[in-house]
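Student: Could you work out the structure for the sequence below:
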Amino acid sequence: MDLTLSSEQSLLVELVRRFVREEILPLELHLDPDADELDPADKARLIEKTKAMGLYGLDIPPTYGGPDIDLTTRTLLAIEMSQHRAGLYAPCYGVFGGAGLAQLFEASDAQKEKYLHPVLRGEKRGFFGLTEPSGGSDPARAIRTKAVRDGDTWVINGGKIFISGADKAQFGLVFARTEPENGRNGVTCFIVDTDTPGFRVRRVVHTLRSAHYATELSFDNMRVPHGNILGKVNGGFAIANERLTRQRIPYAAGCIGVAVKAHQMALDYVPQRETFGAPLSSRQAIQWMLVDNEVDIRQSRWLTLEAAAKADRGESFRTEAAMAKLVATEAASRVVDRCMQMFGGYGVTKDFPFERWYREMRIRRIGEGPSEVQRHIIARELLDSPLR
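Tutor: Residues are numbered from 1 along each chain as shown. This next block holds a predicted model:
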């Protein structure tokens, strides 16, 4: 695959790179090391800048006011946007905007008016409710939340876990089983308002990510109108699966960006740090760490951009997306770990971003489908298709 950037891509990459360097990094010097939010005044100011750059709402289709960029360019920008302390779970702190819940682009006109358009205007927030205590690696079969039709409403009972942002959302997409014996073809997606009787945020689930957390939800005889079904009855898994597959590509790209930043910090540091009368950069052990970092980064970048390119060409990219997610998350974890080692005691202090990246990168090997699931996806493709 040709990794040469077009002139337009090069300009956009440099634009985002300069934005991170001049606008984000200076702000982080004065923020708590685990902060996930910017001061509202700073955020508003930077949003105006990204709008002026024509890069606000990167995941919003042009028909809804977003920039007209393909997934390959989006991936290249994701690599740049993550190269700062909060780059994994607050890349540029949301000042580039987002698509909210991409599934809503396929909603009915009435649903778009009530949910999608307010999200795009920044008036509402939503959550994606798929994972349950019974399991998340195979969500279609693990879903135990049940929805039973009662006239023009559906009665939903069950619960979800590890759901980001549900405590601050006005609505969410909740996946429930509507045909108990039909596996992935028996799941329906419901748009649920968080003020619906029976909806409850049971608790905040604190994880290694510190300031960024998830929630546990419960539904007790929660009634949802039939008109709040997104898509078709029993068509919910396809909605979830499409999102998860495509999202794995920029998800992988964010990990690559952090690895690039950590690696560059190590390259700048080791020639200056001396041990036993010689710089660290003269030590073969350090040199090999740097070489391994470079190999991990280049391999991850190649696989991730290949997945994006296949998606842009309209080809099947499920296997490539799985490879990108698998390789990038595991490789970036190794890169951050090596860089911490090269920085020694400083590497585990909050003076540097490594310890935050180390914690958050561990989550990345689970989020959007754990490494084992990605291997399962790839193996299934290899066994079902001729070797290429």
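
Student: make it CA atoms for all contacts and neighbour counts henceforth
Tutor: Fine.

Student: Do you have the strands of the stretch 51-200 of the chain handy? List them.
Tutor: Secondary structure of the stretch 51-200 of the chain (DSSP state E, counting those that start in this stretch): strands located at 126-129, 146-150, 153-164, 171-177, 187-193, 199-205.

Student: Export these to JSON lines and append columns for mean neighbour count and distance to Glu23.
Tutor: Output for the strands of the stretch 51-200 of the chain, formatted as JSON lines (neighbours: other CA atoms under 10 Å; distance: least, CA to CA, whole Å):
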{"stretch": "strand 126-129", "mean neighbour count": "23", "distance to Glu23": "28"}
{"stretch": "strand 146-150", "mean neighbour count": "18", "distance to Glu23": "47"}
{"stretch": "strand 153-164", "mean neighbour count": "22", "distance to Glu23": "27"}
{"stretch": "strand 171-177", "mean neighbour count": "26", "distance to Glu23": "32"}
{"stretch": "strand 187-193", "mean neighbour count": "25", "distance to Glu23": "36"}
{"stretch": "strand 199-205", "mean neighbour count": "16", "distance to Glu23": "31"}
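
Student: now the ones you listed as JSON lines including distance to Pro26?
Tutor: Output for the strands of the stretch 51-200 of the chain, formatted as JSON lines (distance: least, CA to CA, whole Å):
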{"stretch": "strand 126-129", "distance to Pro26": "30"}
{"stretch": "strand 146-150", "distance to Pro26": "49"}
{"stretch": "strand 153-164", "distance to Pro26": "28"}
{"stretch": "strand 171-177", "distance to Pro26": "35"}
{"stretch": "strand 187-193", "distance to Pro26": "38"}
{"stretch": "strand 199-205", "distance to Pro26": "31"}
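
Student: Any chance of a markdown table for these, columns distance to Glu48 and mean pLDDT?
Tutor: Below are the strands of the stretch 51-200 of the chain laid out as a markdown table (distance: least, CA to CA, whole Å; pLDDT from 0 to 100):
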| stretch | distance to Glu48 | mean pLDDT |
| --- | --- | --- |
| strand 126-129 | 23 | 93 |
| strand 146-150 | 43 | 97 |
| strand 153-164 | 26 | 95 |
| strand 171-177 | 26 | 96 |
| strand 187-193 | 30 | 96 |
| strand 199-205 | 32 | 94 |
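
Student: Any idea which of those strands gets closest to Arg298?
Tutor: Arg298 lies closest, by CA to CA, to one member of the strands of the stretch 51-200 of the chain: strand 153-164, at 30.9 Å.

Student: quick one: strands adjacent to the closest one?
Tutor: strand 146-150 (antiparallel), strand 214-225 (antiparallel) (DSSP bridges).

Student: can I get those strands in JSON lines with distance to Tyr56?
Tutor: Formatted as JSON lines, the strands paired with strand 153-164 follow (distance: least, CA to CA, whole Å):
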{"stretch": "strand 146-150", "distance to Tyr56": "37"}
{"stretch": "strand 214-225", "distance to Tyr56": "26"}
